[in-house]
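Show me how the following folds:
(chains A and B)
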Amino acid sequence: MTRKILPLALVVATALALPPAQAKARFVLKSEEVKLPQSDRALPEGPGRDVVQNNCFTCHSAGMILTQPPLLKATWEAEVAKMRNVYKARVDDKDVPAIVDYLTAVKGPK
Amino acid sequence: MENAFSAALSRRNLLRQAGVAGLATFTSSSWAQSVVNLPLPGGVDERQITTSFPQKGTMILQRTRAPLLETPFEVFDKGVFTPNDEFFVRWHWSVIPTSIDVDTFRLNVHGHVERPLSLTLRDIQALPQIEYAAVNQCSGNSRGFFQPRVPGGEWGNGAMGNALWTGVSLKAVLDRAGVKSGAVQVRLNGLDEALGKDGPDFIKSLSVDHARDGEVMIAYAMNGEQLPLLNGFPLRLVVPGWYATYWMKMLNDIEVLDSPDTNFWMKTAYTIPDTPHADIKPGQTGVPLVPINKLNPRSFITNIKAGAKLEAGEPAVVRGIAFGGDTGVKRVDFSHDGGKTWEAAHLGKDEGKYSFRRWQTRFTPEKGDHTLMVRCTNDRDDVQPDQPNWNPSGFMRNVIEATLVLAA
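Below is the predicted model of the structure:
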């Protein structure tokens, strides 16, 4: 009688001692390594395009601009100011008018 | 509920439904040219389809760097769980580690705590595991539909997804570190970095009470697999019922604060007008702003696209997804007459209050145009509004969706 109970008690005790996380098979994480694609999109031709690409593409690809709806010049001015003041994009004062004019020409109300 | 749901599908309806979905998916869109039309009012509404991102299938390309990838809407018709390789992607800065070593990765916990920690992934996985389904939705999901239009990521409706998340509670980790009295917020940071030293690193904070509610999760798996790198491998914060901006990807740093976080990403960015539906008039100023927070209810038709042609006099199956936001879906109502009359749809299996929920109904169209509408009411009786909200950031759109179809 005692012989039968003892192993059973041991099994129960062992099961209780195991936290659920270990009783279950642990989710095994594996290292990841990826390569991110480069953008193959360019901005449309127009005065100031090079200035825009040289400045804006430091932080983001052309898609950010290409997908924007038509926006007023004042909105583009605010966007350029936000990129400089908030996100600290290093854009020279002298480049700002050319950037705003290009964006308004390409992405302004038609 | 499931049986009633399935019973609604007669063989004939299955055939019809396949016909409708087939029409909408394969003839009215331009997948063959690798371009999709979202469509957005006033343009630009064409987007490239891309298959070139790692661990991702077919996605709508919004921006290559830093990646903004939208889930093609057809995916939401397949089921309530969004596959990992089709789950939307959104990064603020382009400086993202492209390799993560699971042996050397550490999650640091510091600040206003008794015992600063540097945890390995094994340490974290040794804590009690929790698991639930939750919708992850970008604050600016559907921004492209705002009128007047606003600058930003010009998403259609696919900057959202639902997954089964597995991990440990943030509370368990915080308890191990021992939060000191006087703590007010918990700040989360990931491995992405601002470009240059001056730009504001992307960091977000939750109140201490929220962080310790036992639900907020540090997830190491989504839909039963480790996360794709672009969705935040190896650890991502899951804040169920709250917008994705709080769901820090590649979470590697937790700082307990003893004063409110005034960093740019809390104080300025991701703030909303403190008005119902975060709604203001264009140009309106002087409205108090608060950090964006809880999701609101939304619902979508997933098997019929705008412009689809239905057969007059024949019953059509209409189905889709709904979510309640920070609470469950109480009911989903369907209208085939532009909102004049509404009828309750059948609800599918309840996967938890933070999950997408399937809904389905039928209607028999007469000849002519029909405006199909779907409306979710959540468990707190919040209901989708019939007028779209507007704010200059393009956040929190949840207007009742309308889909114009023709029956002939």
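
what's the burial count for residue A:74?
When neighbours are counted by other CB atoms under 10 Å in any protein chain shown, residue A:74 registers 10. Where C-beta positions appear, they are placed from N, C-alpha and C, glycine not excepted.

That one falls within a strand, correct?
No: secondary structure of residue A:74 (DSSP: H, G, I helix; E, B strand; the rest coil): helix, not part of a strand.

Over to residue B:35: give its phi and psi.
phi -130, psi 140 (degrees, to the nearest 10).

which residues touch it?
B:46, B:47, B:48, B:49 (CB atoms under 8 Å, 6 or more residues apart in numbering or on different chains).

Of the residues you listed, which belong to strands?
Members of those lying in strands (criterion: DSSP state E): B:46, B:47, B:48, B:49.

which one is the second one nearest to, not counting chain neighbours?
Leaving out its chain neighbours, the residue that sits closest to residue B:47 by CB to CB, 6 or more residues apart in numbering or on different chains is residue B:60, at 4.9 Å.

is that neighbour in a bridge, and if so with what?
With beta bridges defined as DSSP bridges, residue B:60 has these partners: residue B:49, residue B:70.

same question, residue B:374
Applying DSSP bridges, one finds that residue B:374 bridges with residue B:334, residue B:401.

What of residue B:323?
Counting by DSSP bridges, residue B:323 forms beta bridges with residue B:298.

Neighbours of it, how many?
When neighbours are counted by other CB under 10 Å, residue B:323 registers 29.

Can you add distance to residue B:281 and neighbour count and give the ones in strands among the contacts of residue B:35 back as TSV?
Converted to TSV, the ones in strands among the contacts of residue B:35 look like this (distance: CB to CB, whole Å; neighbours: other CB atoms under 10 Å in any protein chain shown):
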residue	distance to residue B:281	neighbour count
B:46	30	15
B:47	30	25
B:48	35	18
B:49	36	16
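
which of those residues lies closest to chain A?
residue B:47 (7.1 Å; CB to the nearest CB).

ok, now which ones touch the residue nearest the centre of chain B?
Nearest to the geometric centre of chain B sits residue B:137, at 1.8 Å (CA atoms, centre = their mean). Listed by CB under 8 Å, 6+ apart, the contact partners of residue B:137 are B:159, B:160, B:161, B:243, B:244, B:295.

any idea of the pLDDT on the residue nearest the centre of chain A?
Closest to where the C-alpha atoms of chain A average out (CA atoms, centre = their mean) is residue A:60, at 10.0 Å. At residue A:60 the predicted local confidence, pLDDT, stands at 96.

any idea what sits nearest it, other than its immediate chain neighbours?
Nearest residue to residue A:60 in three dimensions, chain neighbours excluded: residue B:65, at 5.9 Å (CB to CB, 6+ apart).

same deal with residue B:136?
Of all residues not flanking residue B:136 in the chain, residue B:244 sits nearest, at 5.0 Å (CB to CB, 6+ apart).

I figured that neighbour hits residue B:138, correct?
Yes: the criterion here is CB atoms under 8 Å, and residue B:244 meets it with residue B:138 at 5.0 Å.

Show the backbone phi and psi for the closest residue to residue A:33 other than its chain neighbours.
Leaving aside its sequence neighbours, residue A:33 sits nearest to residue B:99 (CB to CB, 6+ apart; 3.9 Å). Per-residue torsions, residue B:99: phi -140, psi 140 (degrees, to the nearest 10).

Near residue B:99, how many other residues are there?
Considering only other CB under 10 Å, residue B:99 is surrounded by 10 other residues.

Where does pLDDT dip in chain B?
Per-residue confidence for chain B (pLDDT under 70) gives these ranges: B:1-33.

Do you have the helices of it handy? List them.
B:2-7, B:11-22, B:121-125, B:170-177, B:208-211, B:264-267 (DSSP state H).

So which bits of the fifth one are buried?
Looking back up the chat, that one is helix B:208-211. Buried residues in helix B:208-211, counting neighbours by 16 or more other CB atoms under 10 Å in any protein chain shown, are found at B:208, B:210, B:211.

Please apply the same query to stretch B:65-81.
Buried residues in stretch B:65-81, counted by 16+ other CB under 10 Å: B:65-77, B:80-81.

re the thing from before, ok, so of the buried residues of helix B:208-211, who is nearest chain A?
residue B:211 (21.5 Å).

For that closest one, give me its contacts.
Residue B:211 is in contact with B:170, B:171, B:174, B:185, B:186, counting by CB under 8 Å, 6+ apart.

Can you pick out the most distant pair from those?
The span of those, defined through CB to CB, is set by B:171 and B:185 at 14.7 Å.

Of those two, which one has the most company?
Neighbours were counted for residue B:171 and for residue B:185 using other CB under 10 Å; residue B:185 has more, 23 against 19.

ok, the more buried one touching residue B:209?
No: here residue B:185 does not reach residue B:209: they are 9.9 Å apart, not a contact under CB under 8 Å.

count of residues packed around residue B:116?
13.

Look up how far chain A lies from the nearest residue to it once chain neighbours are set aside.
Leaving aside its sequence neighbours, residue B:116 sits nearest to residue B:110 (CB to CB, 6+ apart; 4.3 Å). Noted for residue B:110: a distance of 23 Å to chain A, by CB to the nearest CB, to the nearest Å.

what about the strands in chain A?
Secondary structure of chain A, counting by DSSP E: strands at A:32-33.

List, one by one, the residues from it near chain B.
Neighbours of chain B within chain A, by CB under 8 Å from any CB of the partner chain: A:19-22, A:24, A:26-27, A:29-39, A:41, A:58-64, A:66-71, A:75, A:79, A:86-90.

Residue 77: what's its closest spatial neighbour, skipping adjacent residues?
Assuming you mean chain A. In this structure, residue A:77 finds its nearest non-sequential neighbour in residue A:100, 5.3 Å apart by CB to CB, 6+ apart.

actually it's chain B I care about, not the one you picked
Closest to residue B:77 by CB to CB, 6+ apart is residue B:302, at 3.7 Å.

For burial, what's the neighbour tally of the one you found?
Number of residues near residue B:302 (other CB under 10 Å) recorded here: 23.

May I ask which of the contacts of residue B:137 has the most neighbours?
When neighbours are counted by other CB under 10 Å, residue B:295 leads these with 28 neighbours.

ok, the residue nearest to that residue when sequence neighbours are not counted to residue B:376 distance?
In space, and not counting its chain neighbours, residue B:295 is closest to residue B:325: 3.9 Å by CB to CB, 6+ apart. Distance of residue B:325 to residue B:376, computed by CB to CB, to the nearest Å: 9 Å.

These two: who's more crowded?
Neighbours per residue (other CB under 10 Å) separate residue B:325 from residue B:376, with residue B:376 holding more: 28 against 25.

and the gap between the more buried one and chain A?
Distance from residue B:376 to chain A, by CB to the nearest CB: 28 Å.

who's in contact with that residue?
The contact partners of residue B:376, by CB under 8 Å, 6+ apart, come to B:297, B:298, B:299, B:322, B:323, B:324, B:329, B:331, B:332, B:383, B:384.

wait, doesn't residue B:225 sit right on residue B:81?
No: between residue B:225 and residue B:81 there is no contact, the gap being 11.7 Å when judged by CB under 8 Å.
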